[in-house]
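> here is my input; please provide its structure:
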Amino acid sequence: MKIDGACLCGSIQYEAVIDPAAILVCHCTDCQINGGGAFRWGTLVPRDDFTLLAGTLKFYRKTAASGRERAVAFCGDCGTSLYGTQADTAETYSLRIGTARQARSLRPSLQIWHGSAYDWTDQLDEVPALDTQP
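As a prediction, the model looks like this:
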């Protein structure tokens with residue numbers, strides 16, 4: 001499936017070819033901190049299936065829980081994280097699906113690092129919901 005997306009300010013724009021059946025939710029603490037939320041959702045994309053259409057990405061490098069060095073690609077203007085990848089080889093990108101224009105039509109099929117999930121994430125249907133800000 002071909003998707004396209006952008007950062008919050010629109011400076012970074014991309015296209016990618018993804019497998020819509022391979023969307024996952026990651027509950028690791030790095031994703032919680034970097035995304036500022038309870039989890040992040042994304043999919044693995046081979047480098048050759050990702051095309052940067054506009055903008056210049058910045059990178060933050062860190063050592064992950066696995067011990068491997070990771071690089072997080074983000075917009076230097078608005079700070080939106082676009083993908084994470086292996087710091088030196090960068091063969092695949094863990095694309096942040098929330099940045100895709102087609103995000104609403106995509107559904108996760110797997111949760112990883114579930115041991116780090118917040119206890120309440122599996123009970124969100126019990127929390128009152130409003131369609132807009134009160």
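
> so for the helix or strand hosting Val45, mean pLDDT?
Element membership of Val45 [criterion: DSSP states H and E] is strand 40-46. Here strand 40-46 scores 96 as its mean pLDDT.

> how about stretch 86-96?
The pLDDT scores in stretch 86-96 average 91.

> strands of the protein, start to end?
Applying DSSP state E to the chain gives strands spanning 2-6, 13-17, 24-26, 40-46, 50-54, 57-63, 69-75, 81-86, 92-96, 110-112.

> list the helices and strands the first one packs on?
Pointing back at strand 2-6 there. Packing partners of strand 2-6 (3 or more CB pairs under 8 Å, 6 or more residues apart in numbering; DSSP states H and E): strand 13-17. No exception for glycine: its C-beta is placed from N, CA and C like everyone else's.

> any idea how far stretch 89-100 is from the chain center?
If you compare the mean C-alpha spot of stretch 89-100 with that of the full chain, they lie 6 Å apart, counting by CA atoms, centre = their mean, to the nearest Å.

> what do you get for stretch 113-124?
Counting by CA atoms, centre = their mean, stretch 113-124 is centred 17 Å from the centre of its parent chain.

> and it, end to end?
By CA to CA, to the nearest Å, the extent of stretch 113-124 from end to end equals 18 Å.

> mind checking the pLDDT average for that stretch?
On average, the pLDDT along stretch 113-124 is 91.

> who's in contact with that stretch?
Outside of stretch 113-124, the residues that reach it under the criterion CB atoms under 8 Å, 6 or more residues apart in numbering are 26-29, 31-32, 38-39, 111, 127.

> just those: which are in helices?
With DSSP state H as the criterion, helices contain 29, 31-32 from among these.

> make CSV out of the strands of the chain and add mean neighbour count and distance to Asp119.
Listed next are those as CSV, based on neighbours: other CB atoms under 10 Å; distance: least, CB to CB, whole Å:
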stretch, mean neighbour count, distance to Asp119
strand 2-6, 17, 31
strand 13-17, 18, 33
strand 24-26, 20, 15
strand 40-46, 20, 18
strand 50-54, 13, 35
strand 57-63, 13, 26
strand 69-75, 19, 26
strand 81-86, 22, 25
strand 92-96, 23, 24
strand 110-112, 13, 14
